[in-house]
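1. Below: sequence and its predicted model.
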Amino acid sequence: MKVFFASDHAGFEAKDALINSLRKKYEIIDLGPDKLDPNDDYPVYAQKLSEAVIKTPDSMGILTCGSGEGMAIAANRLKGIRASVVWNEKVAQETRNDNDSNVLSLPAWFLTNNQMIKIAKTWLKTPFSNVQRHIRRIRQIEQTEN
């Protein structure tokens, strides 16, 4: 499975830690930034990652920023993206199982690198349940997208 990564300056170090931890098991594509720049803009990276996930079958994306919120908001602007801010392994399971999230947004200001790695591993290995009520709800969300 391909896993795309992107961050802003607040999530830059976390992104690198996640990539280093997951690269043995997954095909990793780092979409940037390549260097720490305190003036970067998270919407640019969220859009770049979201477009890659949409265009690449069976792929997922992981975003890191300070709170996780800005990246998730920006990612969810694109049709077909279901980005979730996740702060523990239980929520990681729930958002994959129930919501079939395809983008994970992690809050680097509030979690350690080890916590984010555990969350990402849980999220990546948790399948969508394919339960009819969850499929129905995802379709309802898709009908409201621009």
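-> Perfect, I can see it now. Numbering: from 1, shown residues only.
2. For this protein, which residues score under the pLDDT cut-off?
-> 145-146 (pLDDT under 70).
3. switch the cut-off to 90
-> Within the chain, the ranges that satisfy pLDDT under 90 run 39, 141-146.
4. Let's check: the centremost residue of it is which one?
-> Leu104 (2.2 Å; Cα atoms, centre = their mean).
5. so what's that one up against?
-> Met60, Gly61, Ile62, Leu63, Ala83, Ser84, Val86, Ala92, Thr95, Ile119, Ala120, Trp123 (Cβ atoms under 8 Å, 6 or more residues apart in numbering). (C-beta placed from N, C-alpha, C; glycine too.)
6. element containing it?
-> Here Leu104 sits within strand 103-107, counting by DSSP states H and E.
7. quick one: strands adjacent to that strand?
-> Sheet pairing for strand 103-107, assigned by DSSP bridges, gives strand 59-65 (parallel), strand 83-85 (parallel).
8. Of these, flag the one that's most buried.
-> Of those, the one with the most neighbours on average (mean count of other Cβ atoms under 10 Å) is strand 59-65, at a mean of 26.
9. Would you tell me what the next helix or strand after that one is?
-> Using DSSP H and E, the next helix or strand after strand 59-65 towards the C-terminus is helix 69-75.
10. And that next one, what's buried?
-> Residues Gly70, Met71, Ala72, Ala74, Ala75 are the ones in helix 69-75 that count as buried (16 or more other Cβ atoms under 10 Å).
11. what packs against it?
-> helix 42-55, strand 59-65, strand 83-85, strand 103-107 (3 or more Cβ pairs under 8 Å, 6 or more residues apart in numbering; DSSP states H and E).
12. Switch these over to TSV; also include distance to Ala6.
-> Formatted as TSV, the helices and strands packed on helix 69-75 follow (distance: least, Cβ to Cβ, whole Å):
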stretch	distance to Ala6
helix 42-55	4
strand 59-65	6
strand 83-85	12
strand 103-107	10
